[in-house]
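Trainee: Sequence and predicted structure, then a few things I'm wondering about:
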Amino acid sequence: MNWNEGWRQAKRPHPSEIPEEYALWPAGTDRLIVVYFAAVFLLTYLGLEYLGTQAVLVAGLPLLMVVTIGVSFLFVVGLLLMAYRSKRHSRSEPSKESSE
Amino acid sequence: MSWPPILQIVPPGLAEDISSHLSETLTVLLFYLAVLGLISYLAHSRYTGELSDYVTASRNLGWVVSTLTILATIWSGVALAGFPGTVHGLGASFISSVMIGLAVSAPLILYFGRRIWILGQEHDFHTPGDLLGGYYESDTVRLYTVIASLIFNLAYTVAQLLAGGIVLNVLSGGILPVELGMLIIAVVVLIHITTTGIRGIAWLDTFNGTLILLVLAAFVVFIVRDAGGVMGVFTGLGDLQAAHTTIPGPRGIFTPLQTIVFGTVFVAGTCVASPAVWVRMYAIRGKQALFRVAFAYLVIMTFVHVFGTYFIGTYGRVAFPDIENPDFISSLLAFEFMPFVLASVFLVAILAAIISTTDSYLHILAVTVVRDLIRAVFVPDMEKSRELKLNYLVIMLAAGMGVVLAILYPGFITPLAVVAGGVTMQLLPPLFGAVAWPRASTEAAIIGPAAGILVLVGIRLNLLPDPFSSPMLPGLVASLVVNCLLFVLVSYVTKPQPLEKIEAFHGVIHRKL
């Protein structure tokens, strides 16, 4: 049997030695995208709280369903923002994509 | 033999109706099996017989196939029949919650998927255990991925086999016993997986996903026509309309917070941490393709759930308000409002969803057991050709075990499946650490998921109280919160991984993302 717990012998650094660019909290446009999704979450909650409780049909569909489709749409917009940001990033540094 | 109600997804009484039109139904079924055989043949001709091709299709799946294989894998036959049944009882609030969860999962698939893809490409990873065991340098963490995969995939495989046996029994007009139906599905799936690998699975998923989409679209056209327009589907609810079309729903379960939490936690577990979806991230042709996958996934799922699941479940409530088992709704409606042949195609579509889920889960079950347990712990110098043969053997054993469990313990599967989903979700914090948070430590990756699983099992066995009690998510939120808190806390009081390991994971992601 070859049970491996290599981490017990490994030389582990002080947390301050971790390169800053690998930090969790994103920088630049990435930060805007995180803020965007957080705002969408808040809007989702407010939409459910104040519109999702209304028994009204809009264009034949219950308002709750319209709100839900709206949430999906906002997430689609978020995905497009991520794609746009990625495209710009790869254009500015074309060599990074060569491995693909 | 009494089957658990949740898996009896088509009414047994339909078998009598079908037996009077057996030739039409069998023609539809045989046509589907012929297409399945053709796809197997075509995929087999592309199959190289090498381990990498078997597990990750040589990392060459296009975005359309990748999207549909993810959809068809998540979208089980039980869900195809069960979700409209749940809408029948819980109304729009349930489907709203599911859709919010799917919307959240799309950027998560993109976020984690691109990182998983980069690391898979860089280090030749094939399984979740390769990534997590590799980053944390721990076979304990690797073993968690095997346990999660084993419980999750076996539980859901048994559930699919049971449901599939019942569907085949009804489709054959009651001629095929349920047990024989399960055996037939197991054999068909075994042949398909072992002769084509994941490419064949993905191609079949593509066909099955397309079939399901087309049938659902036709279904909704017939429903709207019968209701006299879209509005008629909802006004037909009468006095129930207000409660059925708003939150918190007829039973008062879905408050706005519950709606968001149920969707996000439930879907994150099944869509992002599912081992079968994880392996598909490795198999995609390029990381940019994941943008298209996430986009198409969200758009298709929105279409399916609003105009498929929701309309069927709601109109089922109008047409059959006092049904004995709500899971019968979709098949009863199909035979009530669609031509007989089209209704038979709908039943075959349920079977297709069952086959798609079964083949994906059996495939990944064998891959993880062989690679992350047998190869990593017992035979580290195993040759790739031997690893591939062992995969075939484990798949046969797992399929056989699935059929036996389905026959002997049918009632045990549903509660096990809920726990299995919860166990799999415990991999999310370690995954987050390995691809996004270099401060994470191995101690945290060992302690967090273990504590989460203990809390989950404790709540399920009523040994612990559930502070986030929800009838839809027993113990899942509490176990994930405990896991996340401990993961962060333990990481902060211990040291991170070695710098060269951080460089090999976070550094590579930073440079290639």
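Mentor: Looks like it came in fine.

Trainee: ok, now how distant is the residue nearest the centre of chain A from B:K384?
Mentor: Centroid-nearest residue in chain A: A:V34, 5.7 Å away (criterion: Cα atoms, centre = their mean). When distance is defined by Cβ to Cβ, to the nearest Å, A:V34 is 41 Å away from B:K384. Any C-beta I mention is one placed from the backbone N, CA and C, and that applies to glycine too.

Trainee: does any part of the helix or strand hosting the residue nearest to the centre of chain A sit near chain B?
Mentor: With secondary structure defined by DSSP states H and E, A:V34 is part of helix A:28-50. Yes: Helix A:28-50 lies within reach of chain B by Cβ under 8 Å from any Cβ of the partner chain, at A:37, A:41, A:44-45, A:48-49.

Trainee: Quick check: pLDDT value at residue 8.
Mentor: The chain I'm using is chain A. The model reports A:R8 with a pLDDT of 94.

Trainee: Correction: the question concerned chain B.
Mentor: Value listed for B:Q8 in the pLDDT field: 66.

Trainee: repeat for the one 3 residues further on
Mentor: Looking at B:P11, its pLDDT reads 79.

Trainee: Next, it: secondary structure please.
Mentor: On the three-state scheme (DSSP: H, G, I helix; E, B strand; the rest coil), B:P11 is labelled coil.

Trainee: what sits against it?
Mentor: By Cβ atoms under 8 Å, 6 or more residues apart in numbering or on different chains, the contact list for B:P11 reads B:170, B:325, B:328, B:331-332.

Trainee: what is the mean pLDDT for the helix or strand just after the helix holding A:V34?
Mentor: Next along the chain after helix A:28-50, taking DSSP H and E as the criterion, comes strand A:57-58. Here strand A:57-58 scores 92 as its mean pLDDT.

Trainee: How about stretch B:320-334?
Mentor: pLDDT averaged over stretch B:320-334 gives 85.

Trainee: And for stretch B:175-189?
Mentor: Computed over stretch B:175-189, the mean pLDDT rounds to 93.

Trainee: Now tell me what touches it from outside.
Mentor: Against stretch B:175-189 from outside (Cβ under 8 Å, 6+ apart): B:1, B:3, B:19, B:22, B:33, B:36, B:160-162, B:164-169, B:172, B:351, B:354-355, B:358-359, B:362, B:399-400, B:402-403, B:406-407.

Trainee: Make a PyMOL selection of the buried ones in those.
Mentor: Command for PyMOL that selects the buried part of the contacts of stretch B:175-189, burial taken from 16 or more other Cβ atoms under 10 Å in any protein chain shown:
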select buried, chain B and resi 3+36+160+161+162+164+165+166+167+168+169+172+351+354+355+358+359+362+399+402+403+406+407
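
Trainee: Mark which of the contacts of stretch B:175-189 are part of helices, please.
Mentor: B:19, B:22, B:33, B:36, B:160-162, B:164-169, B:351, B:354-355, B:358-359, B:362, B:399-400, B:402-403, B:406-407 (DSSP state H).

Trainee: buried stuff in stretch B:94-111?
Mentor: Using 16+ other Cβ under 10 Å as the burial criterion, the residues of stretch B:94-111 that qualify are B:94-111.

Trainee: residue ranges with poor pLDDT in chain A?
Mentor: For chain A, the stretches with pLDDT under 70 are A:91-100.

Trainee: Select the longest helix from it.
Mentor: As assigned by DSSP H, the longest helix anywhere in chain A is helix A:63-92.

Trainee: List the contacts of B:G452.
Mentor: B:425-426, B:479-480, B:482-483, B:486.

Trainee: Export those as a markdown table, with columns for secondary structure and pLDDT.
Mentor: A markdown table is the format used below for these (DSSP: H, G, I helix; E, B strand; the rest coil; pLDDT from 0 to 100):
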| residue | secondary structure | pLDDT |
| --- | --- | --- |
| B:M425 | helix | 89 |
| B:Q426 | coil | 93 |
| B:S479 | helix | 93 |
| B:L480 | helix | 92 |
| B:V482 | helix | 96 |
| B:N483 | helix | 96 |
| B:L486 | helix | 98 |
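
Trainee: Give me the spatial nearest neighbour of B:V488, chain neighbours excluded.
Mentor: Nearest residue to B:V488, sequence neighbours excluded (Cβ to Cβ, 6 or more residues apart in numbering or on different chains): B:A444, at 7.5 Å.

Trainee: Number of residues surrounding the one you found?
Mentor: 26 (other Cβ atoms under 10 Å in any protein chain shown).

Trainee: swap in the one 3 residues further on?
Mentor: When counting by other Cβ under 10 Å, one arrives at 18 neighbours for B:I447.

Trainee: Could you report the pLDDT at it?
Mentor: Looking at B:I447, its pLDDT reads 98.

Trainee: unless I'm mixing things up, it is touching B:V490, no?
Mentor: Yes: at 5.2 Å, B:I447 counts as touching B:V490 under the criterion of Cβ atoms under 8 Å.

Trainee: circling back to that earlier point, now the longest helix of chain A: buried residues?
Mentor: Neighbour-count burial for helix A:63-92 flags A:63-69, A:71-72, A:74-76, A:78-79, A:81-83, A:86 (criterion: 16+ other Cβ under 10 Å).

Trainee: Quick one: distance of it to the chain centre.
Mentor: Here helix A:63-92 shows a centroid-to-chain-centroid distance of 10 Å under the convention Cα atoms, centre = their mean, to the nearest Å.

Trainee: which residues are in contact with stretch B:504-513?
Mentor: With Cβ under 8 Å, 6+ apart, stretch B:504-513 has contacts from A:19, A:21-22, A:96, A:99, B:114-115, B:118-119, B:122-123, B:135, B:287, B:434-436, B:438.

Trainee: Buried residues, that stretch. List them.
Mentor: The neighbour-count check on stretch B:504-513 (16+ other Cβ under 10 Å) flags B:504-509, B:512 as buried.

Trainee: Among those, which ones are in helices?
Mentor: Within the buried residues of stretch B:504-513, residues falling in helices by DSSP H are B:508-509, B:512.

Trainee: and of those, the nearest to chain A?
Mentor: Using Cβ to the nearest Cβ, B:K512 comes nearest to chain A of these, at 6.0 Å.

Trainee: Give the burial count for B:F378, as a bare number.
Mentor: 11.
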